[in-house]
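**Student:** Quick one, structure for this:
(2 chains)
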2 protein chains.
Amino acid sequence: MIDLKYTDDLIPVVTVDARTREVLMVAYADREALDLTRRTGFAHYFSRSRKRIWKKGEESGHLQRVVRILVDCDEDTLIYEVEQTGVACHTGHRSCFYRTLEGKEISSRVVDPADIYAKGKKKD
Amino acid sequence: MIDLKYTDDLIPVVTVDARTREVLMVAYADREALDLTRRTGFAHYFSRSRKRIWKKGEESGHLQRVVRILVDCDEDTLIYEVEQTGVACHTGHRSCFYRTLEGKEISSRVVDPADIYAKGKKKD
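**Tutor:** Prediction:
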């Protein structure tokens, strides 16, 4: 396995749809999140705001099965190629990148966020 | 324009091929690099190691014409959708993500790096 370079114990992860190549989200992993991802086959990340590991979809059911993990030339960034169940974004859009810099929506909401998360539960 | 959230004056940028959607590289921009990108139509970044703005391809000629810029839901990450001249990676691969985590090459070198950079010049 390639020896990765972490910054403050984190490495950025670009998560892409394994079939369409669409970028779904960008998050961070620590060593444990990456290890859990490899061992379970489901995407895990480290939440900087909540300061804990999270399994994508743990609340929403919108899991990401990881098909392959890629590393960049500098060995400081990862790609998770995933099969996405449901949507990646807590807003109900398939991808978190649903707007241009000018604020124009380029894709529609697929599901109502109210239907994704039970009341009082954290987004993921 | 969406009000972006910078961390230490930087925002991560995922650069993707506008046509194939392939992730080519991940880098960082500061406000000036983003402004230059928007004004010139060519991808600019901020190099954390060299502590300066760089225009992608300034040495190699492997420019990136930016077709569209996307923002994620948290407004702290960008996508540059680009038309890539030549290759994105200084190793001569089209994408910087040419290996799996286990070190297996998934795509071949397209050009010889020795042909990209003049002797003594910095990679970009």
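
**Student:** where does the longest helix seen in chain A sit relative to the chain's centre, distance-wise?
**Tutor:** The residue-count maximum for a helix in chain A (DSSP state H) belongs to helix A:31-40. Averaging C-alpha positions (C-alpha atoms, centre = their mean, to the nearest Å) puts helix A:31-40 13 Å from its chain's average.

**Student:** before we move on, what about stretch A:7-22?
**Tutor:** 7 Å.

**Student:** Would you mind naming the helix or strand containing A:Val16?
**Tutor:** Following DSSP states H and E, one finds A:Val16 within strand A:11-17.

**Student:** Can you list the low-confidence ranges for chain A?
**Tutor:** Residues of chain A meeting the criterion pLDDT under 70: A:118-124.

**Student:** for chain B, what are the nearby residues on it?
**Tutor:** Taking C-beta under 8 Å from any C-beta of the partner chain, the part of chain A that reaches chain B is made up of A:1-2, A:12, A:14, A:16, A:20-23, A:25-26, A:38, A:68-74, A:77-79, A:89-91, A:93, A:96-103, A:106. C-beta coordinates here come from the backbone N, C-alpha and C atoms, glycine included.

**Student:** Inside strands: which ones of the residues you listed?
**Tutor:** Among these, the residues falling in strands (DSSP state E) are A:12, A:14, A:16, A:23, A:25-26, A:68-71, A:78-79, A:99-100.

**Student:** Kindly reformat the residues you listed as TSV containing neighbour count.
**Tutor:** Putting these into TSV (neighbours: other C-beta atoms under 10 Å in any protein chain shown) gives the following:
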residue	neighbour count
A:Pro12	18
A:Val14	24
A:Val16	27
A:Val23	24
A:Met25	25
A:Val26	23
A:Arg68	15
A:Ile69	23
A:Leu70	22
A:Val71	24
A:Leu78	23
A:Ile79	24
A:Arg99	20
A:Thr100	17
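
**Student:** Now the longest helix of chain A: buried residues?
**Tutor:** A:33-34, A:36-37 (16 or more other C-beta atoms under 10 Å in any protein chain shown).

**Student:** Next: stretch A:18-31.
**Tutor:** A:18, A:22-30.

**Student:** among these, which two are most distant?
**Tutor:** The distance between the two most remote of the buried residues of stretch A:18-31 (C-beta to C-beta) is 25.4 Å, for A:Glu22 and A:Asp30.

**Student:** Off-centre distance for stretch A:81-91?
**Tutor:** Centroid separation for stretch A:81-91 versus its chain: 8 Å, with C-alpha atoms, centre = their mean.

**Student:** Please state the backbone phi and psi of A:Arg109?
**Tutor:** Per-residue torsions, A:Arg109: phi -70, psi 130 (degrees, to the nearest 10).

**Student:** For the residue lying closest to it once chain neighbours are set aside, the count of nearby residues, please.
**Tutor:** Of all residues not flanking A:Arg109 in the chain, A:Gly92 sits nearest, at 4.2 Å (C-beta to C-beta, 6 or more residues apart in numbering or on different chains). A:Gly92: 17 surrounding residues under other C-beta atoms under 10 Å in any protein chain shown.

**Student:** For A:Gly92, give me its contacts.
**Tutor:** By C-beta atoms under 8 Å, 6 or more residues apart in numbering or on different chains, the contact set of A:Gly92 is A:109-113, A:116.

**Student:** Also A:Arg21?
**Tutor:** B:20-23 are the contacts of A:Arg21 under C-beta under 8 Å, 6+ apart.

**Student:** Next up, phi/psi of it, please.
**Tutor:** Note on A:Arg21: its backbone torsions stand at phi 70, psi 0 [degrees, to the nearest 10].

**Student:** does the residue nearest to A:Leu10 when sequence neighbours are not counted sit in a helix or strand, and which one?
**Tutor:** Spatial nearest neighbour of A:Leu10, excluding adjacent residues (C-beta to C-beta, 6+ apart): A:Tyr28 at 4.4 Å. Using DSSP H and E, A:Tyr28 sits within strand A:23-29.
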